[in-house]
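Peer 1: got a sequence here, can you build the structure:
(one chain, ligands or ions: 1)
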Amino acid sequence: MTLPRLTFVGTGYLGATYAVCFAELGYEVLGFDVDTAKIAALSDGVVPFHEPGLGVLLRRNLAAGRLRFTTSYAETADFGDIHFVCVGTPQRADDTGADLSYVESAVTGLARRLTRKALIVGKSTVPVGTAEWVQRLVDKHAPAGLGAEVAWSPEFLQEGFAVQDVLRPTRIVAGVRSDWAATMLSAAHRGVLDLAAREQREVPVVVTDFATAELVKVAANAFLATKISFINAMAEVCEAAGADVDQLARAIGHDPRIGSRFLRAGAGFGGGCLPKDLRAFQARAQELGVGESLRFLHEVDLINQRSRSRVLRRAAELLDCPTGPAGPDFGNTRVAVLGATFKPHSDDVRDSPALAIAAALSASGADVHVYDPEGMGNAARVHPNLIFEPGLEEAVRGSELVCVLTEWPEFSAADPVHLGRLAAGRLVVDGRNCLDVAAWTAAGWRYRGMGRHAEP
Ligand code: UGA
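Peer 2: This next block holds a predicted model:
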């Protein structure tokens, strides 16, 4: 059987990564976006965001002629046997759930121009019930009699590991309504399954209905967020009880029923997915009349917000700042903020705890100097009033306090003796518990982590 031709509608982070990786797997691929600048960059072999390993694969597959990009819906509709919808579903401005306007315009734009039966596969993270609505949109807008069908196949890729996550997924979820859709979707995943077979790995495939497929994605993200907030709540308890959350996490993580991943305490979760998905999921549960079932996610969100304010409190304690009803007053103290992205190996600053804390320090009077290995451009666009330094040393030089807020390897590997000579005061808040406490305290730094012992 010849491989189906694939299109990826929306070449943001998700769609661009999928388009490139599926071309790498041998499919003929067309990426579509309404953003001409994005399409021009990708066509020139330039990835418009930071993702390790993606640029090389993009250029290789452009050169091999398996991958192209377009801004034309007509060309996309004509090219593809299977169309993956990968557009964003941001939080609505009034905070009432997910904004599906991009999904609507992508699906109608495509459906109107279909010339033959095709499968439209939703990949975007959406409220449960969206796939049904997409099928109705397709029925309404596609030329009569084509019988175009919808399927839902959520993705689980993590920024910074996206290439691996697409080529070697932990599972494939296929929400389908007909044997034809199941067969088509399995043809689209053959490359991934063949690669797994060659590497003697198993990729479980869960074939299910629309609603379950949609829910799998938000349930997975809600679980991960809960796990992070759980350990951050334990960090609060550890601080009060004089215990150490890192040792606690290690000990409970040895139980395979719990597992050690996503148990890193710190400044909490951020990014373009976990925080917004958590809120959209609660909004959808309310609509479905089961708001109570997800009420705990509100608490997960609150713990997460508190993790950010706890970093500020640690900073104020170390500096011995006066604290009024409006919070601490940092009185123009120079503070080095190391990290701006929501996590390392990414240039993404959406809902970044690091950047939110930097802005809060600045709003409380501190003279904040930020450095991040990859996120400076994006951070400066969001917070043009912060001072951005070209390097780690420039940020630390003359600072009374250093706050490490994203666990970039460059920060964990930095020499505390050398940094101590540059800084004006040897005070450090480790908002990600990523520094070697023994090395930093031996170099004369007063250290505060998150629920972690301050002495080795
Ligand atoms: C997350 C999910 O992990 C992916 O599976 C999912 O596909 C993706 O959202 C999505 O919905 O598209 P991502 O946003 O790339 O992926 O980031 P994560 O690696 O999950 O990290 C999220 C946040 O949690 C980061 O701010 C990170 O610093 C924080 N985190 C993570 C912790 O604070 N502690 C941990 O132990 C792990």
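Peer 1: do you have the helices of the stretch 201-350 of the chain handy? List them.
Peer 2: Per DSSP state H, counting those that start in this stretch, the stretch 201-350 of the chain carries helices over the ranges 210-241, 245-253, 274-287, 295-319.
Peer 1: what would these look like in a markdown table with mean pLDDT and mean neighbour count?
Peer 2: (C-beta placed from N, C-alpha, C; glycine too.) Converted to a markdown table, the helices of the stretch 201-350 of the chain look like this (pLDDT from 0 to 100; neighbours: other CB atoms under 10 Å):
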| stretch | mean pLDDT | mean neighbour count |
| --- | --- | --- |
| helix 210-241 | 97 | 19 |
| helix 245-253 | 98 | 17 |
| helix 274-287 | 94 | 21 |
| helix 295-319 | 97 | 19 |
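Peer 1: of all those helices, which one is nearest Ala360?
Peer 2: The closest of the helices of the stretch 201-350 of the chain to Ala360 is helix 295-319. By CB to CB, the value is 5.7 Å.
Peer 1: for His254, give me phi and psi.
Peer 2: The phi and psi values for His254, taken as degrees, to the nearest 10, are phi -70, psi -20.
Peer 1: which residues are in contact with it?
Peer 2: The contact partners of His254, by CB atoms under 8 Å, 6 or more residues apart in numbering, come to Ser260.
Peer 1: ok, back up a step: need the helices of the stretch 201-350 of the chain in CSV with distance to Thr130, can you?
Peer 2: As requested, these are exported to CSV (distance: least, CB to CB, whole Å):
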stretch, distance to Thr130
helix 210-241, 6
helix 245-253, 35
helix 274-287, 10
helix 295-319, 19
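Peer 1: those helices into JSON lines, with extra columns for distance to the ligand?
Peer 2: As requested, the helices of the stretch 201-350 of the chain are arranged in JSON lines below (distance: least, CB to the nearest ligand atom, whole Å):
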{"stretch": "helix 210-241", "distance to the ligand": "4"}
{"stretch": "helix 245-253", "distance to the ligand": "8"}
{"stretch": "helix 274-287", "distance to the ligand": "5"}
{"stretch": "helix 295-319", "distance to the ligand": "8"}
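Peer 1: run through who's touching the one helix or strand in the chain whose mean pLDDT sits lowest.
Peer 2: Ranked by mean pLDDT, DSSP states H and E, the weakest helix or strand in the chain is strand 323-324, scoring a mean of 84. Applying CB under 8 Å, 6+ apart, the contact partners of strand 323-324 are Ala316, Asp329.
Peer 1: go again with 7 Å.
Peer 2: Applying CB atoms under 7 Å, 6 or more residues apart in numbering, the contact partners of strand 323-324 are Ala316.
Peer 1: partner strands of that strand, parallel or antiparallel?
Peer 2: strand 327-328 (antiparallel) (DSSP bridges).
Peer 1: hmm, Ile39 is touching Arg68, no?
Peer 2: No - at 9.7 Å, Ile39 and Arg68 do not qualify as touching, with contact defined as CB atoms under 7 Å.
Peer 1: please report how far the residue of the chain most remote from its centre lies from the ligand.
Peer 2: Farthest-out residue of the chain from its mean C-alpha position, per CA atoms, centre = their mean: Gly145, at 39.6 Å. Gly145 is 36 Å from the ligand, where distance means CB to the nearest ligand atom, to the nearest Å.
Peer 1: give me the buried positions along stretch 365-381.
Peer 2: For stretch 365-381, burial by neighbour count (16 or more other CB atoms under 10 Å) applies to 366-376, 378-380.
Peer 1: also stretch 315-331?
Peer 2: Buried residues in stretch 315-331, counting neighbours by 16+ other CB under 10 Å, are found at Ala315, Ala316, Leu318, Leu319, Cys321, Gly327, Pro328, Phe330.
Peer 1: surely the third one touches Asp430?
Peer 2: No - under the contact definition of CB under 7 Å, Leu318 does not touch Asp430, with a separation of 11.1 Å.
Peer 1: which neighbours do those two have in common?
Peer 2: Residues touching both Leu318 and Asp430 (CB under 7 Å, 6+ apart): Arg448.
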